[in-house]
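1. This is a predicted model, with the sequence first.
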Amino acid sequence: MDFGRQLREWRSHRNLSQLDLAMEAGISSRHLSFLETGRSRPTEGMIIRIAEALDLTFKVQNELFAAAGFAPRFASAEKEGIGGLPKPVREALRLVLDRHAPWPAIVFDADHDILSANAGFAALGSALGIAAGAGANILGLVVESGPVRDAIVNFDEVAGLFLRRARNEARLHGPRSALAKRIARYEADADLGRFFAPEAADRNPPPVIAVRLRLGDLETQWITTLTSFGSAQEVLSQGIFIEQYFPADERTRAIADSIGKNGKG
């Protein structure tokens, strides 16, 4: 049974001893040890208690239920971009994106894969010479070599905040997530690894990031805000984020309005 291995993996990921987790879950450390080795089979109630003690996302809780031989507890759907989300969620996200235009806005998932982008973001991508839309990874666009990174004037500041924010998210979704694997690659990278040094650590990066972006011969200034979008009983909605870009000065506002209306820089 895979449950014990996954439980052990998550306990280690949370830096908890068997005694620590047992106390949090209100069970004996002996019983927890038996669960991890497979000598005892968990009940659904036991899985819930342990999942709450580990502060696991609904997606991970479903994985633990499946590993123990139970049906998933939380409703989910196949991941098909925004089209795979419940209709009320799709409509709410679309409304936010459309109302924010002509300024850029995107929706991305827990792995930082872009699910949808508004016309403003597509126009900004066009001005940078890239196709920036569904299927791209926003973290990869910002920190990996390419036109976006080259255009960010304050790259060290922006990359540091983006990466630390993403690493905090990766802790929630565990070492098996695509985001955690991406972060591990960045940590091992000779250039990007410096942003994870202990002296650069920040457990709570700000929700607003200032970005100075060069568009042709002009330097624009933006602030970005991040909003989480979740539902208490729907797996895919948990881990959905909306990132909105706001002009930080009048010149950038004029450029943003022009790009959004004309679809080009």
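-> Looks like it arrived, so ask away.

2. and R176, how many residues sit next to it?
-> Number of residues near R176 (other C-beta atoms under 10 Å) recorded here: 13. The way it works is simple: take the backbone N, C-alpha and C, and place the C-beta from them, glycine included.

3. Check the one 5 residues further on too.
-> The tally of other residues near K181 (other C-beta under 10 Å) stands at 13.

4. residues contacting it?
-> P175 (C-beta atoms under 8 Å, 6 or more residues apart in numbering).

5. and it, which of the three is it?
-> helix (DSSP: H, G, I helix; E, B strand; the rest coil).

6. Which elements pack onto the lowest-mean-pLDDT helix or strand in the chain?
-> Counting by mean pLDDT, DSSP states H and E, the chain has its least confident helix or strand at helix 250-262, which shows a mean of 84. Contact here means 3 or more C-beta pairs under 8 Å, 6 or more residues apart in numbering; DSSP states H and E; on that basis helix 250-262 packs against helix 119-128, strand 218-229, strand 240-247.

7. one more time with 6 Å
-> helix 119-128, strand 218-229 (3 or more C-beta pairs under 6 Å, 6 or more residues apart in numbering; DSSP states H and E).

8. Most tightly packed of these?
-> Mean neighbour count (mean count of other C-beta atoms under 10 Å) peaks for helix 119-128 among those, with a mean of 22.

9. so what does whichever helix or strand comes after that helix touch, helix or strand wise?
-> Scanning forward in sequence from helix 119-128 by DSSP states H and E, the next helix or strand is helix 138-143. Helices and strands touching helix 138-143, as assessed by 3+ C-beta pairs under 6 Å, 6+ apart, comprise helix 155-173.

10. angle of the helix it packs on against strand 240-247?
-> Interaxial angle, helix 155-173 versus strand 240-247 (axes from the mean of the first three to the mean of the last three C-alpha atoms, to 10 degrees): 160 degrees.

11. between helix 155-173 and strand 218-229, what angle do the directions make?
-> Going by the same axes, to 10 degrees, helix 155-173 is angled at 10 degrees with respect to strand 218-229.

12. What mean pLDDT does helix 155-173 get?
-> The average pLDDT within helix 155-173 is 89.

13. could you say what helices and strands it packs with?
-> Contacts defined by 3+ C-beta pairs under 6 Å, 6+ apart place helix 155-173 against helix 138-143, helix 178-188.
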